[in-house]
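Enquirer: build me a structure from this.
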Amino acid sequence: MCRYYAHAFVCKHVTHSFASFCKPASMIQTACGERHIWQTIRMDEACDECKAWYSPPQPAYVHAPARRTVRR
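Expert: Predicted coordinates:
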């Protein structure tokens, strides 16, 4: 069983990223079919897919602050 990190997001989605090979797979440098979660990392934000889908609307125009003139 190759080892993976699990990233648990607040939106309840979970992603996996490769960590290390198991002994049989290390000889051929190809991950085996079985996943062993080495460590679960809790993320404090939503995943990228949820951020893109539920992102707040961006303002169409941002007003710049008025400039003050300095008299000399």
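Enquirer: do you know how far Cys33 is from Cys2?
Expert: Small correction: residue 33 is Gly, not Cys. Computed as C-beta to C-beta, to the nearest Å, the Gly33 to Cys2 distance reads 9 Å. C-beta coordinates here come from the backbone N, C-alpha and C atoms, glycine included.
Enquirer: neighbour count winner among the two?
Expert: Of the pair Gly33 and Cys2, Cys2 is the one with more neighbours under other C-beta atoms under 10 Å, namely 20 against 7.
Enquirer: wait, doesn't the more buried one sit right on Arg35?
Expert: Yes - under the criterion of C-beta atoms under 8 Å, Cys2 makes contact with Arg35 at 6.6 Å.
Enquirer: nearest residue to Glu34 in space, please, no chain neighbours.
Expert: On the basis of C-beta to C-beta, 6 or more residues apart in numbering, the spatially nearest residue to Glu34 that is not a chain neighbour turns out to be Met1, at 4.2 Å.
Enquirer: same check, this time on Glu49
Expert: His13 (7.1 Å).
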